[in-house]
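Participant: I need the structure of the sequence given here:
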Amino acid sequence: MTSSITPASLHPAHPTADSLRLVADGLSRSFGDRRVLVDLDLTVAAGTRLGVIGENGAGKSTLLRLLAGADDPDAGRLARPARTGFLPQEPPFAPDADVRAVIEAAQAGVRRIERELAEAGAALADADDAADVAAAEERYSAALAAAERAEVWSADARCEATLDGLGLSGVPGDRSIRRLSGGQRSRLALAALLVARPDALVLDEPTNHLDDDAVEFLQSALLGWRGPVVFASHDRAFLDRVATGLLDLDPQAAPLSGAGGASWRAVRHTGGYTDYLAAKADARTRWERRYATEQAELSRLRRGAAETARTEVSRTPTRDNDKFIAAFKAGRKQAQASRAIADARRRAEVLEREQVAKPPAQLSFAGIPAAHHALDATDGLLVQAAEIAVPGRLALGEFTIAAGDRVLVSGANGAGKSTLLALVAGRLAPAAGRIHRRRGLRVGLLEQDVRFADPAESPRAVYGRMLGERRAETVPLVSLGLIAPRDLDRPVGALSVGQQRRLALALIIARPPHLFLLDEPTNHLSLSLAEELEEALGRYPGAVVVASHDRWLRSHWVGREVPLAAAA
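Facilitator: Model prediction:
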C-alpha cells in the first residue's frame with residue numbers, strides 16, 4: 001500500500017501544542033469555474049475530533065485531501081504534524097501487495113521511532129563532554145516523546161487487537177489484496193492507519209463497510225487519540241459519540257448578514273451531532289423569524305409609500321380666495337410627502353438588497369391521493385406473508401403490515417433485508433410460501449441501487465414521463481427540494497449516486513403510495529436530508545417499512561422492529 005503517512009523526522013524537535021495542530025489559513029480550492037472552498041480558516045488542536053459535514057458535493061473530501069497533503073490548495077497555507085495519517089475512501093494499495101505486507105509497511109514508521117529511541121539512548125550513554133551530553137539529552141527527549149505518542153511498547157499487541165476489532169483476524173497474511181472483498185480492503189486500510197499510530201488523523205468516511213462491533217472498536221480508538229482528528233462521516237451515531245465539534249460546509253447552513261445566503265462559508269459547531277441538531281433548529285427558527293419580520297417591513301414600506309402618493313394625487317382642489325395661503329401650505333405638505341415617499345422607497349430598496357433569502361422548504365409529501373385515505377381507513381392488513389423463502393437469501397415464518405404501520409427491518413448484511421422488501425413490493429417472487437396484498441394497494445420502493453433506463457435522459461424528462469404531464473405540473477420537481485435547478489436538465493448518467501437516489505425519492509414522494517418501502521434510505525443522502533426524510537416519514541399517513549443498518553435511525557425508531565437472521 002502506498003504510504004498514507006507523512007514521513008517522520010528521525011530527529012524530531014520537541015513536540016509542542018502548536019506542532020500537533022492542523023491549521024488552515026485562507027484555504028481555497030476550485031475545479032474549473034466551480035468554487036468548492038473559499039478562504040477557509042481552520043484550527044484543529046491536539047485532542048480535538050472534528051467531524052466535517054455538508055451536502056454531497058460541498059467539498060468534504062476536497063478539504064480532507066488538502067489537510068492531509070494529498071492535494072494542493074489554489075490559495076492559502078497549511079500546517080500539519082509531520083506524521084499525519086490519511087484514510088481516503090478508495091484504499092491506495094499496491095497491486096501486488098498482500099495483507100502481511102500492508103501491515104508491515106504500516107508498522108515501519110513505529111519501528112523507525114523505536115530504533116531512534118534505542119540509538120538516542122545509546123548516544124546519551126556514550127556522551128562525554130557537556131556539549132555532547134546536552135545534544136544527546138535533547139535528542140533522547142525528542143525520541144522518547146515520539147515513542148510515547150506512537151505507543152511503541154504496545155505496537156504488537158495493538159496490531160493484533162486492531163485486526164481483531166475490525167474483523168480481519170481471520171484473514172490469512174499471505175492473501176492477496178486482489179482476493180479481498182471491497183469491505184475487507186477498506187477495513188484493512190483503516191487497520192493499517194491505526195497500527196501506524198500517526199500524530200494526526202484525517203479520515204474520509206471511516207465507518208463505511210464496518211459492522212456495529214467494528215464501529216464500536218473504532219470509536220474507542222479515536223476517543224483515546226492524543227493528536228488532532230478530522231473526519232467526514234454520514235454515520236450520525238458515530239458523529240454524536242466521537243466528535244467534539246462539527247464543521248458544516250453547507251452554504252445554506254444559516255443566512256449571512258447582508259446578501260441572503262449568496263456567499264459561501266463554513267460554520268463550526270461545538271459538541272456532537274445532538275448539539276448540532278439543536279443549534280440548527282435554533283438557527284432555522286431565527287432565520288424564519290428574521291425573514292418574516294423583513295417581509296412584513298417591506299410590505300409596510302411599500303404600502304406606506306403607495307398610500308402617501310395616492311393621497312397627494314387625490315387632494316381636494318382649493319377655492320379662489322384661499323389660493324394663496326393654500327398654495328403655500330400645499331407646497332410645504334407636498335415637499336414633506338415627497339420626502340416621506342422617497343425615504344420609504346430608499347429604505348425599501350436597502351432592505352430588498354440586504355434581506356435574507358427565504359428559508360428553503362423542508363421535505364414533505366406533496367399531497368395524498370383521495371384513494372389513499374379510503375384504503376387506510378379500513379381496518380385490516382395491507383400485506384400478509386407466511387413461510388416465505390428465497391434459498392440462500394431469506395427464510396421467514398410470518399410477516400404482516402397493517403395500515404399506518406411503522407416497521408423497521410434489521411439484521412446483519414446478508415440477512416435478507418433487501419430481499420424482503422423486494423418480495424413485499426412484488427419485484428421478486430418467493431420460492432416457497434405466499435404473499436397476499438390488499439386489492440388496490442399501491443406500493444412504492446426506494447431501492448439501494450438506482451438505475452435509470454436512459455442515462456442521457458434529464459431528471460426533468462424522467463420526472464415528466466414517469467408521473468405524467470398533469471402530475472408533474474401540479475407537483476414540480478424543483479419544488480420538492482431534492483434536485484437543484486442547475487441539475488434539472490443534466491443527463492441522469494452524469495449525476496452522482498446520491499443525486500440519482502434523490503430523483504428516485506422524488507418520483508415516489510410526488511405520488512405517495514399506500515405502502516412506502518425504503519431500503520437503506522439514508523445511504524447517499526446528506527445528513528440534513530436524512531433528518532428531513534425521517535421527520536416526514538413520521539407524519540406519513542400510509543404504512544412505512546424501512547430496512548436499515550443506520551444506528552442513529554435504529555436508535556430513534558418509534559414502531560415495530562422485525563429482526564432478520566442470516567438464511568441457512
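Participant: what ranges does the stretch 101-250 of the chain have for its strands?
Facilitator: 200-204, 229-232, 245-248 (DSSP state E, counting those that start in this stretch).
Participant: same list (those strands) but as TSV, adding mean pLDDT and distance to residue 168.
Facilitator: No exception for glycine: its C-beta is placed from N, CA and C like everyone else's. Output for the strands of the stretch 101-250 of the chain, formatted as TSV (pLDDT from 0 to 100; distance: least, CB to CB, whole Å):
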stretch	mean pLDDT	distance to residue 168
strand 200-204	96	17
strand 229-232	97	20
strand 245-248	95	30
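Participant: let me have the ones you listed in a markdown table, extended by distance to residue 425 and mean neighbour count.
Facilitator: Conversion of these to a markdown table gives the following (distance: least, CB to CB, whole Å; neighbours: other CB atoms under 10 Å):
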| stretch | distance to residue 425 | mean neighbour count |
| --- | --- | --- |
| strand 200-204 | 34 | 26 |
| strand 229-232 | 33 | 25 |
| strand 245-248 | 36 | 21 |
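Participant: for the ones you listed, give me a markdown table that also has distance to residue 561.
Facilitator: Listed next are these as a markdown table, based on distance: least, CB to CB, whole Å:
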| stretch | distance to residue 561 |
| --- | --- |
| strand 200-204 | 31 |
| strand 229-232 | 29 |
| strand 245-248 | 29 |
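Participant: which of those sits closest to residue 166?
Facilitator: strand 200-204 (13.4 Å; CB to CB).
Participant: so what strands line up beside that closest one?
Facilitator: Using DSSP bridges, the neighbouring strands of strand 200-204 in the sheet come out as strand 84-87 (parallel), strand 229-232 (parallel).
Participant: now distance to residue 479 too, for these, in JSON lines please.
Facilitator: Conversion of the strands paired with strand 200-204 to JSON lines gives the following (distance: least, CB to CB, whole Å):
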{"stretch": "strand 84-87", "distance to residue 479": "39"}
{"stretch": "strand 229-232", "distance to residue 479": "30"}
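Participant: any stretches of the chain with poor pLDDT?
Facilitator: Scanning the chain for pLDDT under 70 picks out 1-18, 251-264, 305, 307-337, 340, 366-379, 567-568.
Participant: helices or strands up against the strand or helix carrying residue 462?
Facilitator: Secondary-structure element containing residue 462, defined by DSSP states H and E: helix 459-467. With contacts defined as 3 or more CB pairs under 8 Å, 6 or more residues apart in numbering; DSSP states H and E, the secondary structure elements packing on helix 459-467 are helix 497-509.
Participant: what does the helix it packs on contact?
Facilitator: Contacts of helix 497-509 with the rest of the structure, by CB atoms under 8 Å, 6 or more residues apart in numbering, involve 56, 363, 365-366, 444, 446-447, 450, 452, 459, 462-463, 466-467, 477, 480, 482-483, 487, 492, 495, 516, 523-526, 529, 533.
Participant: mind giving me the domain split of the protein?
Facilitator: Here the domain parsing of the chain from automatic domain parsing is 18-271, 284-354, 370-563.
Participant: end-to-end on the second one?
Facilitator: It refers to domain 284-354. 18 Å (CA to CA, to the nearest Å).
Participant: and the spatially closest residue to residue 185 that is not a sequence neighbour, helix, strand or coil?
Facilitator: Once its chain neighbours are removed from consideration, residue 185 has its nearest residue in residue 91; the separation is 5.1 Å (CB to CB, 6 or more residues apart in numbering). Per DSSP: H, G, I helix; E, B strand; the rest coil, the local secondary structure of residue 91 is coil.
Participant: would you confirm that residue 91 contacts residue 188?
Facilitator: Yes - at 7.0 Å, residue 91 counts as touching residue 188 under the criterion of CB atoms under 8 Å.
Participant: neighbour count: those two, which is higher?
Facilitator: Between residue 91 and residue 188, counting by other CB atoms under 10 Å, residue 188 is the more crowded of the two (25 against 22).
Participant: circling back: among the strands paired with strand 200-204, which is nearest residue 31?
Facilitator: Among the strands paired with strand 200-204, the nearest to residue 31 by CB to CB is strand 229-232 (17.7 Å).
Participant: circling back: quick one: residues in contact with the helix holding residue 462.
Facilitator: By CB under 8 Å, 6+ apart, the residues outside helix 459-467 that reach it are 452, 457, 472, 475, 477, 483, 487-490, 492, 495, 503, 506-507, 510-511.
Participant: restrict the first helix or strand past it going along the chain to CA atoms and write it as PDB.
Facilitator: On the C-terminal side of helix 459-467, the closest following helix or strand by DSSP H and E is helix 469-474. Provided in PDB are the C-alpha atoms of helix 469-474 (Å, rounded to 0.1, in the frame of the first residue of the first chain):
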ATOM      1  CA  GLU A 469     -47.600  15.700 -17.600                       C
ATOM      2  CA  ARG A 470     -50.500  16.800 -15.300                       C
ATOM      3  CA  ARG A 471     -49.000  15.400 -12.100                       C
ATOM      4  CA  ALA A 472     -45.600  16.800 -13.000                       C
ATOM      5  CA  GLU A 473     -47.100  20.300 -13.400                       C
ATOM      6  CA  THR A 474     -49.100  20.000 -10.200                       C
END
